[in-house]
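Asks: what's the 3D shape of this:
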Amino acid sequence: MKLRECLSYENIVIQCHDNPDADAIASGFGLYTYLKGQGKKVRLIYGGKYMIQKSNLVLMVSELQVPIEYVEKLEKPDLLITVDCQYGEGNVTRFDAKEVAVIDHHQVSGNLPDKNEVRSNLGACATVVRELLRAEGVDINQDKKLATALYYGLMTDTNNFTEIAHPLDKDLRDDAVFERSVITRFKNANLSLEELEIAGMALIGYYYNETHRYALVEARPCDPNILGIISDLMLEVDAVDCCMVYSVLPFGIKLSVRSCMKEVQASELVKFIAEGIGSGGGHLEKAGGFIQKELMDKKGILTDRSGSGEIKEFFKERMDRYFDGTKIIYADKYEIDLTGMQEYRKKKIPVGYVKATDVLKPGITVCVRTLEGDLDIQVKEDVYIMIGIKGEIYPIIKEKFERSYQILEEEYCFEGEYEPTIKDVEESRSISLVPYAKACVPTGESYIYANRLEHRIKVFTEWDTEKYMLGGEGDYLAVRKDDLHDIYIIEQNIFHKTYEKQL
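Replies: Numbering: from 1, shown residues only. The predicted structure is shown next:
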């Protein structure tokens, strides 16, 4: 769906879900700003039993001058756009309209109208709206109140950015030029006395595993941000290296995860906990997730209050399985056993490469953002950045590059979903690698030993000793034949496309 498709309608209503949160308000505000700027007659509304009461949301509407209205009745508009929700769902009052459109980031729950933009892989509807605006040539930073609203919407819907996984969410977080003092005021209006009591009671009832140094905490139903506050406090304890705080809600279980050890990435841990029953995401130290009630029910795990003890036992079992079932390799010190490993040669499939100093000055460390995650790379004269067939990124020194690849005269063509981007913190800018990339092809003289994994494994590579590569069942553990400390993980689909077995 393109926003320009809405311009053929004169009377347009944008509707948030009942009891709208910051993400719904911000997303609606973004659409309102665009349509109003195009000369359309437009309203931003919400229904339900209650008007906005939460102090941070009242402050948000006032400070950012969001023209949102509470309505109980609505004259049929030419076009009704539901935002951060889907028309006909139980959490949005049903109003009649001549035509309906849906803009959302949740899982599709029913039939969608022809006009829809549902991006379930994104952490907030604010990101969906930002991308729709960008497609129309609108820079959100030209309107600081709008940029602030979208930033705050993303922040609150991803539990203070701890649940971010998709690079487009990260881009909004990093690119938005927002009013810092206003965001600070919103944050300081976020905790009520009742929520303070919830946090205190939750911390009293913690469970602690001495062997693996993790804590589990259950909190009464509350705003997801409160779970983040509780988990931050829990991680302050000297005996706790990681923790998970959860709250049982009528429709599922909300999770907040923290870690202060490099061997456990919070985003990876929460995905393991929610595997098969929900979703999760975030970054190294902070993450969050949600477990769906219907999927828990299928597993035979109770999700009502009477089943909280069984839920705790379920989480304890998953946490223990996470720690007990994972092997860790530190490549720079590891003496790999080649027994049972097969020899493979890299296929002659064109890929991309960028000489790091063609983009940035040497000596700095930059974050390269890809669909698979962020990777820190130090810019040096002899460092090349390889771009794989799916947009995966890995660094390689000049000597290995020249020995393993042949430069092609043809232009490089990127075919992935998200262009790998360098985040230059010093200059506060984002740089796509694709315009700098050139084509190359393996010489056929690049050999590895590899074997298929039957269990989870984490590898701290030679080039990054702080962040691990994760391999699961079916992926491959690989080591270069000419450097037995160059150990890494190759995802199974990529492995079969890029390597061939030697007889």
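
Asks: which of the residues in the helix or strand encompassing residue 23 are buried?
Replies: Mapping residue 23 onto the secondary structure by DSSP states H and E places it in helix 22-37. By neighbour count, with 16 or more other CB atoms under 10 Å as the criterion, the buried positions of helix 22-37 are 22-35. Backbone N, C-alpha and C define where each C-beta goes, glycine included.

Asks: quick check, nearest of those residues to residue 236?
Replies: Nearest to residue 236 out of the buried residues of helix 22-37 is residue 22 (CB to CB; 26.6 Å).

Asks: in this structure the closest one contacts residue 159, no?
Replies: No. Under the criterion of CB atoms under 8 Å, residue 22 lies out of contact with residue 159, with a separation of 12.0 Å.

Asks: contacts for the helix or strand of the chain with the lowest mean pLDDT next, please.
Replies: Taking mean pLDDT, DSSP states H and E as the measure, strand 278-282 is the helix or strand of the chain with the lowest mean score, a mean of 76. In this structure, residues lying in contact with strand 278-282 by CB atoms under 8 Å, 6 or more residues apart in numbering are 123, 158-159, 161-166, 252-253, 255, 257, 266-267, 270-271, 273-274, 287-292, 295.

Asks: kindly report the same for stretch 174-192.
Replies: Applying CB under 8 Å, 6+ apart, the external contacts of stretch 174-192 come out as 22, 55-56, 59-60, 63-64, 140-141, 144-145, 147-148, 150-152, 155, 223, 225-226, 229, 423, 430.

Asks: give me the phi and psi for the residue nearest to the spatial centre of the chain.
Replies: In the chain, the centroid-proximal residue (CA atoms, centre = their mean) is residue 165; its distance is 1.4 Å. Note on residue 165: backbone dihedrals following degrees, to the nearest 10 are phi -130, psi -40.

Asks: who touches residue 211 in this structure?
Replies: Applying CB under 8 Å, 6+ apart, we find residue 211 in contact with residue 323.

Asks: er, residue 456 I mean
Replies: If you count contacts by CB under 8 Å, 6+ apart, residue 456 has them with 325, 326, 327, 470, 471, 472, 473.

Asks: residues in contact with the spatially closest residue to it that is not a sequence neighbour?
Replies: Closest residue to residue 456 in three dimensions, ignoring its sequence neighbours and counting by CB to CB, 6 or more residues apart in numbering: residue 326, at 4.6 Å. By CB under 8 Å, 6+ apart, the contact set of residue 326 is 455, 456, 457, 458.

Asks: can you say which of these are buried?
Replies: Buried residues within the contacts of residue 326, counting neighbours by 16+ other CB under 10 Å: 456, 457, 458.

Asks: restricted to strands, list the residues you listed.
Replies: Filtering the buried ones among the contacts of residue 326 for membership in strands, criterion DSSP state E, returns 456, 457, 458.

Asks: the second one bridge partners, please.
Replies: This means residue 457. Applying DSSP bridges to residue 457 gives these bridge partners: residue 327, residue 471.

Asks: correct me, but it touches residue 331?
Replies: No. In terms of CB under 8 Å, residue 457 does not count as a neighbour of residue 331; the distance is 11.6 Å.

Asks: quick one on the thing from earlier: most widely separated two among the buried residues of helix 22-37?
Replies: The two members of the buried residues of helix 22-37 with the most space between them (CB to CB) are 22 and 35, at 20.5 Å.

Asks: of the ones in strands among the buried ones among the contacts of residue 326, just say which sits nearest to residue 357.
Replies: Proximity of these to residue 357, judged by CB to CB, is greatest for residue 458, which lies at 30.8 Å.

Asks: show me the shaky parts of the stretch 151-300 of the chain.
Replies: Regions of the stretch 151-300 of the chain meeting the criterion pLDDT under 70 cover residues 282-283.

Asks: any idea where the helices of it begin and end?
Replies: Listed in chain order, the helices of the stretch 151-300 of the chain (DSSP state H, counting those that start in this stretch) span residues 167-175, 180-187, 193-204, 224-235, 266-274, 293-298.

Asks: right, and those - which one's nearest residue 371?
Replies: Across those, closest to residue 371 is helix 167-175 (CB to CB), at 6.1 Å.

Asks: please save the CA atoms from that closest one in CSV.
Replies: What follows is the C-alpha trace of helix 167-175 in CSV, where atoms were taken according to Å, rounded to 0.1, in the frame of the first residue of the first chain:
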residue,chain,number,x,y,z
PRO,A,167,17.1,-3.1,10.9
LEU,A,168,14.3,-0.7,9.9
ASP,A,169,13.4,-0.3,13.6
LYS,A,170,17.0,0.4,14.4
ASP,A,171,17.1,2.9,11.6
LEU,A,172,14.2,4.9,13.1
ARG,A,173,15.7,4.7,16.5
ASP,A,174,19.1,6.0,15.2
ASP,A,175,17.9,8.5,12.6
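
Asks: OK, contacts around residue 166?
Replies: The neighbours of residue 166, taking CB under 8 Å, 6+ apart as the test, are 121, 122, 123, 127, 281, 371.

Asks: ignore what I typed, I meant residue 114.
Replies: For residue 114, no residue counts as a contact, taking CB under 8 Å, 6+ apart as the criterion.

Asks: the same query, at a cut-off of 10 Å, please.
Replies: Contact criterion CB atoms under 10 Å, 6 or more residues apart in numbering gives 1, 5, 99, 100, 101, 102 as the residues in contact with residue 114.

Asks: for PyMOL, write the selection for the buried entries among those residues.
Replies: Selection of the buried residues among the contacts of residue 114 in PyMOL, burial being defined by 16+ other CB under 10 Å:
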select buried, resi 1+100+101+102
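
Asks: export the contacts of residue 114 to CSV and tack on secondary structure and distance to residue 84?
Replies: Rendered in CSV, the data for the contacts of residue 114 read as follows (DSSP: H, G, I helix; E, B strand; the rest coil; distance: CB to CB, whole Å):
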residue, secondary structure, distance to residue 84
1, coil, 15
5, helix, 19
99, coil, 19
100, strand, 15
101, strand, 13
102, strand, 10
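
Asks: returning to what we had before: can you flag the buried ones in the contacts of strand 278-282?
Replies: A residue is treated as buried here by neighbour count (16+ other CB under 10 Å); on that basis the buried members of these are 123, 158-159, 161-166, 252-253, 255, 257, 266-267, 270-271, 273-274, 287-292.

Asks: for burial, what's the neighbour tally of residue 362?
Replies: As a burial measure, the neighbour count of residue 362 was computed by other CB atoms under 10 Å and equals 12.

Asks: ugh, wrong one, residue 202
Replies: Residue 202 - counted by other CB under 10 Å - has 24 other residues nearby.

Asks: kindly report the same for residue 45.
Replies: Residue 45 is flanked by 20 other residues according to other CB under 10 Å.

Asks: same question for residue 389.
Replies: The criterion is other CB under 10 Å. On that basis, residue 389 has 15 neighbouring residues.

Asks: ok, back up a step: what is in contact with residue 22 and residue 159 at once?
Replies: Taking CB under 10 Å, 6+ apart as the contact criterion, the common neighbours of residue 22 and residue 159 are residue 225.

Asks: let's see the pLDDT reported for the closest residue to residue 380 other than its chain neighbours.
Replies: Counting by CB to CB, 6+ apart, the nearest residue to residue 380 once its immediate chain neighbours are dropped is residue 362, at 5.6 Å. Taken from the predicted model, the pLDDT recorded for residue 362 is 88.
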